[in-house]
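Undergrad: I need the structure of the sequence given here:
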Amino acid sequence: MNALTLVHEVIRRHVGEGAVCIDATAGRGYDTAFLCGLSGESGSVTAFDVQSEAIESTRALLTERGLRARLVLSSHENMGDYAAADSVDCVVFNLGYLPGGDHSVNTRFDSTKRAIEEGLKLLKKGGLMCVSLYYGKDSGYEEHDALLPWLKTLDDQKYQVIATFFYNWQKDPPIPFFIVKN
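TA: Take a look at the predicted model:
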């Protein structure tokens with residue numbers, strides 16, 4: 001079990017044919033492709049990234065697999081421009097840097113916070129947000145140190161926040177968070 005398989009298993013239980021999904025951090029496109037497969041022809045997936053390399057990598061993967069999604073070269077903070085409030089079934093974030101990319105280009109807490117807040121507005125009642133925090137080596141500690149206490153402040157009457165820790169893993173293991181809108 002790793003963070004990716006755990007997150008995908010949880011998403012698989014919440015997302016089905018016809019779902020409206022957002023991949024807030026397209027990266028190499030694997031979550032985008034996964035969401036496309038679950039939501040099917042009658043669903044929709046919109047994926048965001050600030051790096052053209054990530055958008056092109058995602059486009060290539062989707063083309064290879066015969067899948068379609070709307071790809072947006074923009075910050076995940078702008079997802080509200082692409083979906084209505086209370087209309088989204090699932091939002092997925094992978095925080096950190098583009099795998100195989102420049103580590104100096106990475107997610108930062110201020111924009112991540114605004115994007116999560118925007119995504120929570122878009123979620124339907126019962127909708128799921130998955131936030132996987134990758135940190136360590138040369139980046140991500142500041143985001144880690146700000147995100148963990150901030151997520152505790154989300155209104156427990158509106159959201160359930162579940163943090164999953166790989167407790168005995170060494171060297172800064174990823175932390176998957178699951179947020180469900182009540």
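
Undergrad: and stretch 129-147, how far apart are its ends?
TA: Terminal residues of stretch 129-147 are spaced 15 Å apart (Cα to Cα, to the nearest Å).

Undergrad: kindly report the same for stretch 43-55.
TA: 20 Å.

Undergrad: run the chain-centre distance for it.
TA: Relative to its parent chain, stretch 43-55 has a centroid offset of 11 Å by Cα atoms, centre = their mean, to the nearest Å.

Undergrad: cool, stretch 8-27 as well?
TA: Centre to centre, stretch against its chain (Cα atoms, centre = their mean), the figure for stretch 8-27 is 9 Å.

Undergrad: got the buried residues for that stretch?
TA: Residues 8, 10-11, 14-15, 19-27 are the ones in stretch 8-27 that count as buried (16 or more other Cβ atoms under 10 Å). Placement of C-beta: from N, CA and C, glycine included.

Undergrad: so which of these comes closest to residue 106?
TA: residue 25 (10.2 Å; Cβ to Cβ).

Undergrad: now the worst-scoring helix or strand of the chain on mean pLDDT: buried residues?
TA: Using mean pLDDT, DSSP states H and E, helix 141-152 stands out as the lowest-scoring helix or strand of the chain, at a mean of 91. Burial within helix 141-152, assessed by neighbour count using 16+ other Cβ under 10 Å, is assigned to 143, 144, 147, 151.

Undergrad: now the buried residues of stretch 8-27 as JSON lines including distance to residue 42, secondary structure and pLDDT?
TA: As requested, those are exported to JSON lines (distance: Cβ to Cβ, whole Å; DSSP: H, G, I helix; E, B strand; the rest coil; pLDDT from 0 to 100):
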{"residue": "8", "distance to residue 42": "21", "secondary structure": "helix", "pLDDT": "97"}
{"residue": "10", "distance to residue 42": "22", "secondary structure": "helix", "pLDDT": "98"}
{"residue": "11", "distance to residue 42": "17", "secondary structure": "helix", "pLDDT": "98"}
{"residue": "14", "distance to residue 42": "16", "secondary structure": "helix", "pLDDT": "96"}
{"residue": "15", "distance to residue 42": "12", "secondary structure": "coil", "pLDDT": "98"}
{"residue": "19", "distance to residue 42": "9", "secondary structure": "coil", "pLDDT": "98"}
{"residue": "20", "distance to residue 42": "10", "secondary structure": "strand", "pLDDT": "98"}
{"residue": "21", "distance to residue 42": "12", "secondary structure": "strand", "pLDDT": "98"}
{"residue": "22", "distance to residue 42": "17", "secondary structure": "strand", "pLDDT": "98"}
{"residue": "23", "distance to residue 42": "18", "secondary structure": "strand", "pLDDT": "98"}
{"residue": "24", "distance to residue 42": "22", "secondary structure": "coil", "pLDDT": "97"}
{"residue": "25", "distance to residue 42": "25", "secondary structure": "coil", "pLDDT": "96"}
{"residue": "26", "distance to residue 42": "22", "secondary structure": "coil", "pLDDT": "96"}
{"residue": "27", "distance to residue 42": "25", "secondary structure": "coil", "pLDDT": "94"}
